[in-house]
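Asker: Got a sequence here, can you build the structure:
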Amino acid sequence: MRLKSAEIIAAYDAIRPDFAQTGSPRLAGGLNIGAQLHYQLSTDPTLRDRTAQIVTYPQYWGHRLTGIAATDVTSIGCHTDLWSPREGVFSTLPAALAIEGKIARVRKSTEVLGTILPDISQATCLPLNTQVRAGIHDSNASLYPHILTQTGSFSVVSTGTWVIVMSVGGDDAPLDPSRDTLINVNARGQAVPSARFMGGREYEIIQQGHPSSPSDLDIADVLASSLMILPSVDPRTGPFQGRQMQWSGEEPDVGSGRRSVALSFYLALMTETCLQLTGASGPTIVEGPFARNAEFVAMLQAATDRPVLTSDAATGTSIGAALLMGGRANLVQPVRSKDATGLAALKAYAAKWRSNLD
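Answerer: Predicted structure coming up:
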């Protein structure tokens, strides 16, 4: 008898480990690998017996190159439901799915998986002794250069369509899955409390294709009038899910400098909320397009009351992947931003934004 989707979902919910064990929130669209595996095994009863080994995505390519099957700790630990990141072991789910012996060996990202196969060598003209490393998940590839170069506690804010906050060495704050928090696992196998929201998408929604560079007068006016965007521009994600966006004050025209300032401040305060949720301490390193947004950086510095560093690296994922082969001598260090002017006014604005959420 063919199972209905609702029955499959209910069956998965019955065996899915708690967030406290996995640090993995329930994600829509089958974005938990455990849910994908459960669905496939439920709809094809012969699949389990026909499966030799299960690998994560980077290691699919590693297997194609070397013939060696593996998983890596960053991929198996990224909202899969299959891993207990604080303990560094599988969760209860592989046993519940009866696939304990089928998940390929979990390796550190820097481990040598093997050397390339003869046909790969022939097709690429690479020597047979060319090494292939285990591989890494994309978010953790961006984090890896900072893992190598930073000391003490710090956080990385990776900006793009998603704003991803990853806090290293901070307070062990309890995470709330209803606020889009999760635990990643870094290249060294360490648990990294994380949070996210669709900041880049929210930027596009508010700007409507007409961004504007604000003047000093625009900034002063927004601070003086407490013109604000209150969450959430995209209510499907982030720390204020289900809450509908509203303007505090009259909505400025599209393409105006005041609209850009209010948006930059909103995005910074959403980011600061994510940093709080993940127990962040120490400096905050901002990567991606928001690192070039002066109003975002100034408000983030004021709201966190901690140093903000910006990185010009446009290829953090590629750099992190390349560093798996070793070496760090030529890494460009993030630059500490100048102390924000009008710090008292920025802090007062941040405090009022927070009070408006109560």
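Asker: Now do the helices in the stretch 151-300 of the chain.
Answerer: If DSSP state H, counting those that start in this stretch is used as the criterion, the helices of the stretch 151-300 of the chain fall at 199-207, 216-225, 257-277, 294-304.
Asker: got those helices as TSV, with mean neighbour count and distance to Gln131 columns?
Answerer: Heads up, the C-betas are built off the backbone N, CA and C, glycines and all. Written out in TSV, the entries for the helices of the stretch 151-300 of the chain read as follows (neighbours: other Cβ atoms under 10 Å; distance: least, Cβ to Cβ, whole Å):
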stretch	mean neighbour count	distance to Gln131
helix 199-207	19	36
helix 216-225	16	52
helix 257-277	24	37
helix 294-304	24	40
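Asker: Switch those over to CSV; also include distance to Leu143 and mean pLDDT.
Answerer: As requested, the helices of the stretch 151-300 of the chain are arranged in CSV below (distance: least, Cβ to Cβ, whole Å; pLDDT from 0 to 100):
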stretch, distance to Leu143, mean pLDDT
helix 199-207, 17, 98
helix 216-225, 32, 97
helix 257-277, 15, 98
helix 294-304, 18, 98
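Asker: Could I get those helices in TSV, plus columns for distance to Ala322?
Answerer: Below are those laid out as TSV (distance: least, Cβ to Cβ, whole Å):
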stretch	distance to Ala322
helix 199-207	25
helix 216-225	39
helix 257-277	27
helix 294-304	27
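Asker: Mind checking these for the one nearest to Arg179?
Answerer: Distances from Arg179 to each of the helices of the stretch 151-300 of the chain were compared using Cβ to Cβ; the shortest belongs to helix 257-277, at 5.9 Å.
Asker: what about the closest one, distance to the chain center?
Answerer: Chain-centre distance of helix 257-277: 17 Å, with Cα atoms, centre = their mean, to the nearest Å.
Asker: Please name every helix or strand in contact with that helix.
Answerer: Using 3 or more Cβ pairs under 8 Å, 6 or more residues apart in numbering; DSSP states H and E as the contact test, the elements touching helix 257-277 are strand 154-158, strand 163-168, strand 191-197, helix 199-207, helix 216-225, strand 228-230, helix 294-304, helix 343-355.
Asker: Repeat the analysis, applying 7 Å as the threshold.
Answerer: Using 3 or more Cβ pairs under 7 Å, 6 or more residues apart in numbering; DSSP states H and E as the contact definition, the elements that helix 257-277 packs against are strand 163-168, strand 191-197, helix 199-207, helix 216-225, strand 228-230, helix 294-304, helix 343-355.
Asker: how far does stretch 180-192 stretch from start to finish?
Answerer: According to Cα to Cα, to the nearest Å, stretch 180-192 extends 14 Å from its N-terminal end residue to its C-terminal end residue.
Asker: ditto for stretch 250-262
Answerer: Distance between the two ends of stretch 250-262: 11 Å, counting by Cα to Cα.
Asker: How about Val165, nearest residue that isn't a chain neighbour?
Answerer: Using Cβ to Cβ, 6 or more residues apart in numbering and skipping the chain neighbours, the partner closest in space to Val165 is Cys274 (4.1 Å).
Asker: The one you found and Thr237 touch, don't they?
Answerer: No - using Cβ atoms under 7 Å, Cys274 makes no contact with Thr237, being 11.0 Å away.
Asker: which ones are touching the closest residue to His137 other than its chain neighbours?
Answerer: Closest residue in space to His137, ignoring its immediate chain neighbours: Thr74 at 4.1 Å, by Cβ to Cβ, 6+ apart. When the contact criterion is Cβ atoms under 7 Å, 6 or more residues apart in numbering, the partners of Thr74 are 109, 136-137, 140, 185-187.
Asker: Can you lay out those residues as a markdown table showing distance to Ser121 and neighbour count?
Answerer: Shown next, in a markdown table, are the contacts of Thr74 (distance: Cβ to Cβ, whole Å; neighbours: other Cβ atoms under 10 Å):
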| residue | distance to Ser121 | neighbour count |
| --- | --- | --- |
| Ser109 | 24 | 26 |
| Ile136 | 24 | 26 |
| His137 | 27 | 25 |
| Asn140 | 29 | 27 |
| Val185 | 32 | 27 |
| Asn186 | 32 | 23 |
| Ala187 | 27 | 24 |
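Asker: Make a markdown table out of those and add pLDDT and distance to Trp83.
Answerer: A markdown table is the format used below for the contacts of Thr74 (pLDDT from 0 to 100; distance: Cβ to Cβ, whole Å):
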| residue | pLDDT | distance to Trp83 |
| --- | --- | --- |
| Ser109 | 96 | 14 |
| Ile136 | 96 | 15 |
| His137 | 93 | 12 |
| Asn140 | 90 | 13 |
| Val185 | 96 | 7 |
| Asn186 | 96 | 13 |
| Ala187 | 94 | 15 |
